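[1] Below are the sequence and a predicted model for it; my questions follow.
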Amino acid sequence: MKVTFKIWRQENAKSNGGFQSYEVDGLTDDMSFLEALDHLNEILVGQNQKTIAYEYDCREGICGQCGVFINGRAHGPLDNITTCQLHMRSFTDGQTIVVEPWRAKAFPVIKDLVVDRSALDNIMEQGGYISAKTGTAPEANAILVGKDVADKAMDAAACIGCGACVASCKNASAALFTAAKINHMNSLPQGKQEAHRRVLEMSRQMELEGFGSCTFTGACEVECPEGISITNIAEMNARRAMAKWHNL
Amino acid sequence: MFLRKSIIALTGLFLCIFLIVHLSANIILLLPQETARGLYNAYATTLRESFLIKIVAYVLYLSIILHVIYAIQITFKNRRAKPKKYLENKLRQNSSWASQNMGLLGVAILLFLVVHLANFWARIKLGLGEGVRLDDNGHVDVYEVTYSLFQNSYYVFFYTVLMVPLGLHLHHGFKSAFMTLGFYHKKGLNILAKISLAYAGMMSIGFGIIPLMVYLK
Amino acid sequence: MVLYAKIPNGPLENKWRNYQITSQLINPANKKKLNVIVVGSGLAGAGAAATLAELGYDVKCFCYQDSARRAHSVAAQGGINAAKNYQHDGDSVWRMFYDTLKGGDFRSREANVYRLAELSAPLIDHYVQQGVPFAREYGGVLVNRSFGGVHVQRTFYARGQTGQQLLLAAYSQLYKMKRAKKVQMFPRHEMLDLVVIEGKAKGIVVRDLTTGELKRFAADAVVLATGGYSRVFRLSTLAIGCNGSAIWKAHKRGAFFAAPSFTQIHPTALPQTSEAQSKLTLMSESLRNDGRIWVPKKKDDDRNANAIPEEERDYYLERRYPSFGNLAPRDIASRAAKERIDAGYGVGRLKNAVYLDFKHAIERFGIEIIKDRYGNLFKMYKKITGVDAYEEPMQISPAAHFSMGGLWVDYELMTTIPGLYAIGECNFSDHGANRLGANSLLQASIDGYFVLPNTINNYLANALKEDHPTTEHPEFEKVEKEVAAQINKLLFIKGDKTVDHFHRELGKVMWQECTMSRNKEGLEKAISQIQKIKDAFWKEVNVTGGHHEMNTELEKALRLADFIELGLLMCTDALEREESCGAHFREEHQTSDGEALRHDEKYSYVSAWEYHNGNFKLHKETLEFANVQPTVRSYK
């Protein structure tokens, strides 16, 4: 199988980037997309050229480190997967594959396809936790959590923090990411004590980081590898309103 | 931004209610000419003379202004959040066209609104342009203004075609206003999506078909 | 040198309490003055960094990923064990201790393993409090399920994403302490060497992966929490970035490396399908509850699986282990698969897999039940392979998974370098020669949250009296120069082969000779082959790009350079241990029916290797079993 990769190359955060095309032969359809890029990099080394920088770690769809825009879609042409779960069988022989980094003001490009997503960590820092010191916990079954509540919390908690929601959103909104974390913690009894503070501070930080507002296009939930529902954003809005009311 | 978003949503929903009232009145235009003229003019006069309606009218003006201003602000802020666009972006595979183009649709509706206000509001309320006569009952003959306007095929075309962006804008806006305001009940949202479609279709077709019917009468 | 494990006095049940009573404490006002470096941000690293910060120490935490939340703890699927006895099925701390010790084939310390079991129950309380959405019954209490090798249900889980949920909890606590300005985070920073001053660990040299800049950090103690090193096989279930460099550098600076060759091979991963493959994805072991494993009875049978009639299938696990069958422990299932594959009965494109068949289960329970139990796994299988496993059997194959071995640590989790600690998978402590399922998340968490924060004070109390180390010390200068020299050397070789080429070569040798089944001849051959790979690597590798920029090729090269040396030690260790135990199966030492044969009288010790100018010297920590009698594992 032979394809042409049209890839965004950018030396560093300050330089201007541009697209470069690479024809790559000798691929097989059961190779993963990232393995095809690995293959290209080995060819580049053979030509004494600098390799293309792109991110990955676990390569099994859970760490959230990989993520590029492939042929006009975050994480490629399939719904609800990560880049590392994409295989070359999703492309056709001779196809041109456009590969771009996540685009958002809050995600500056570091090099080639690598972007800085620490803005997401910054949101987490403003309350994406439960303030309980090690050693202070009561017996685990002392506080009951209904199955429906636990399941719902888990649905939101599944977020892997890859940033596809931001990348696919025309407004570069991090609302789905932020909402998922808030709803996970705020719906559990353990997280209730600081629920109001959490939703206000995390949503505030989201704005400060330069992410846009949610206009409910729904693109994020289609690209989210964990299929986190957009209703989480509505729930965050409700929780935020309640917190504001509470603080009046 | 959350507050401004909520205001856009609230004003939007208020405008949605207004559209229902507006459309129900417009149905009068479909009656036989003599009945329609009397009823329509009487209705218009009642509205103009009611103190309550006056307040509602000012709320309406304010709603439109806030909806537009905040939408512009947020649109620009959102654009700044995404300074660089993708070379290739297949948005249609993950979202509806309307949801991606609410701003553009909004501009089209605003354009419509300007013409619409010039045609009616400016003539009747501000007395600009050609004067308006009274009908047999002594009411201002708003019907005549409407009727004569819709004898002009260009206007009919304009009034009909621009109801398409209105429908699209409403279809996305109605449901997402609820979500912005924090309505997150899953089944409720599924029902809301259907209501949203039905509502947008009704408004768009309703408003769009009346000028055409009047023209063809 | 005599290895002193510092095991506290008293009966097994009281050892940890006795330790805490007698260890030195530090006044809260003084803790502020003490700096601790934590390398790694997985369950062990993040848990330790957050807890140490809560106690008042100043903590710096490093990870090579772009965020602490990526650490590979995130990928553990199954669950975490705890002796809560919520199921009322006879579980207890003692039973869990015994299961773990036996699972490890009696090659770990009683005191450490007991502590692991003892602290497991409060750990679940802790995670629940931190907001981990564990599976619940309708009535709101926690659910348990069973896992391989035990007769009780003690595994807690959050869907198939338990590791992710625990890691996110640890990460959130880490960021809580970052907000409190007690933790400084350094993502995209990779430790390249350890700085030892006057025999004590006093800091590290790291490379900023964004700019390529080398940076020095000094501290009163250094904690390594860098995870497993199974990427030495190249193809493994580990994340691509997982590496052994930090512990290898520590080893070269004087820390002993214990049981390096004890590597767990997981039986149910997806097979390699091409030379370019970078990763073997794990399929949850739970599949073996309903799936039947088989290979064709005929060699090189090229027929489609469904075309092979029942009587021509060899259900080899059921044949060899009638009582446990398809649920035999990991090491046994893996070894049996390799035996069939090596004998020429393997299936799949590269003839390196066996079938895991759900046909009978679907016939028996109906497709809906199977969908309900394994739907997400079948979906994942289809995503990766494009094959519908409801229609034809899955192809699975053993894959390198967990490193039981690691830096030798004492009861306090301190290595042989004072002030240097190793926690989580990167140490050798609790799993012996084989780890039980759902015990890895447990050990990492216990080390990080509960043990280290209660032992490090015993060392730091004395550090208070000493001068604080500074990065101006000549030793920092020297180490940084050595690191820079190694980087420059790699960049200037300009050979004609890629880093991945050498990694593939190393992986092939290691996989062939140092995994499920080992023998003297093979290991000796492997050592000389790895030596050749090492020489070739330093002559022929081509690392493009520069030092002072983001350079993923350079990162890979640095890690591989250490893997090659580590591979040598692993083979050396496997060669030295003339017995079979747990994951370490020496073909020369088996019973007449092909089962592992342990030699307790000669090998009941932990092998701890000292590095000396490229050679390895063996030290032995004798294992004493005062509370249990080592028995023979039998799964027949």
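    Here it is on my side, so go on. Residues are numbered from 1 along each chain as shown, chains lettered A, B, ... in the order given.
[2] list the contacts for B:Y155?
    Taking C-beta atoms under 8 Å, 6 or more residues apart in numbering or on different chains, we find B:Y155 in contact with B:119, B:149, B:211. C-beta here means a position set from N, CA and C on the backbone, and glycine is covered the same way.
[3] looking at it, the second one is touching B:V115, isn't it?
    No. Shown here, B:L149 and B:V115 do not form a contact pair, counting by C-beta atoms under 8 Å, at 10.3 Å.
[4] Compare these two (neighbour count), which wins?
    It is B:L149, of B:L149 and B:V115, that has more neighbours when counted by other C-beta atoms under 10 Å in any protein chain shown, with 18 against 13.
[5] ok, back up a step: overlap between the contacts of B:Y155 and the residues near chain A?
    The residues of these that also fall near chain A, by C-beta under 8 Å from any C-beta of the partner chain, amount to none at all.
[6] Let's see which of those end up in helices.
    By the criterion of DSSP state H, membership of the contacts of B:Y155 in helices covers B:149, B:211.
[7] any idea which of the contacts of B:Y155 is closest to B:L105?
    Nearest to B:L105 among the contacts of B:Y155, counting by C-beta to C-beta, is B:P211 at 19.8 Å.
[8] Tell me, how many residues neighbour the closest one?
    By other C-beta under 10 Å, 22 other residues sit near B:P211.
[9] in chain B, which helix or strand is least confident?
    The helix or strand with the lowest mean pLDDT-type score in chain B, counting by mean pLDDT, DSSP states H and E, is helix B:122-124 (a mean of 88).
[10] So which residues make contact with that helix?
    Contacts of helix B:122-124 with the rest of the structure, by C-beta under 8 Å, 6+ apart, involve B:44, B:128-130, B:132, B:140, B:142, B:145.
[11] And for stretch B:4-20?
    Counting contacts by C-beta under 8 Å, 6+ apart, the residues touching stretch B:4-20 from outside are A:213-214, A:237, A:241, B:59-60, B:63-64, B:66-67, B:70-71, B:73-74, B:170, B:173-174, B:176-178, B:180-181, B:199, B:203, B:207.
[12] hmm, who's touching the longest helix belonging to chain A?
    Among all segments of chain A classified by DSSP H, the helix with the greatest residue count is helix A:231-247. With C-beta under 8 Å, 6+ apart as the test, helix A:231-247 has contacts from A:156, A:175-176, A:178-180, A:182-183, A:186, A:195-197, A:199-200, A:203, A:214, A:216, B:2, B:6, B:178-184, B:186, B:189.
[13] contacting residues for the residue located most distally from the centre of chain B?
    What lies farthest from the middle of chain B is B:L87; by C-alpha atoms, centre = their mean that is 34.9 Å. B:L87 makes contact with A:6, A:19, A:98, A:100 under the criterion C-beta under 8 Å, 6+ apart.
[14] That one and B:D136: what is the separation?
    Taking C-beta to C-beta, to the nearest Å as the measure, B:L87 falls 66 Å from B:D136.
[15] repeat for C:H266
    The value you get for C:H266 to B:D136, if C-beta to C-beta is used, is 92 Å.
[16] Please point out which parts of the helix or strand C:R340 falls within sit buried.
    C:R340 is part of helix C:330-340 when elements are defined by DSSP states H and E. If you call a residue buried by 16 or more other C-beta atoms under 10 Å in any protein chain shown, then helix C:330-340 has these buried ones: C:330-338, C:340.
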